[in-house]
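> I'll drop the sequence and a predicted model, then ask my questions.
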Amino acid sequence: MGGIMEMAHFTLDEAQQYLGQIIIAQTDVDMGRTWVMAQDRGLVIGVDGGYTVCGELGYCLAVQFWPERESTRPTVLFVDKHLLHEYFSLRTEEQAASEAASSHCLRRGSTLALRGWGIPPHP
């Protein structure tokens, strides 16, 4: 069977619940123009919406992944409901708090990302 797989969109209310949440890749994921490797962490920094081919309004999550190297720029990927549930898991508030001191993602700009800024603070 071939063809294009329909994206599973979030409603606006569903998508907004994920803002500020950390997601972690459970396996290597080919996201089209880039790969997300297993255990990579991303921060949900926004919601993107549009109309489907059928004319329905749907939303996906804008997730910012921070690179391991300081000189590399972060990557923002758009994740629909299917991708989120198939390849990623959410960090609970307790897990996120315990990782806050060591998480590269949190140290390098989550405050700015949560406010809608996609640029890490300059050292």
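Structure received. If you're wondering where the values come from, they're calculated on a predicted model, not measured in any experiment.

> And for residue 81, the neighbour number?
A count of nearby residues for residue 81, using other Cβ atoms under 10 Å, gives 18. Any C-beta I mention is one placed from the backbone N, CA and C, and that applies to glycine too.

> Can you tell me how far it is from residue 15?
9 Å (Cβ to Cβ, to the nearest Å).

> hey, what's in contact with both of these two?
residue 60 (Cβ atoms under 8 Å, 6 or more residues apart in numbering).

> Just the pLDDT for residue 70.
With respect to pLDDT, residue 70 has a value of 71.

> Run through the helices of the protein in chain order.
Assigned by DSSP state H, the helices in the chain fall at 12-16, 81-87, 93-99, 104-107, 110-114.

> which stretch in those is the model least sure about?
Among the helices of the chain, helix 110-114 scores lowest, at a mean of 37.

> bridging residues for residue 42?
Beta-bridge partners of residue 42, counted by DSSP bridges, are residue 23, residue 65.
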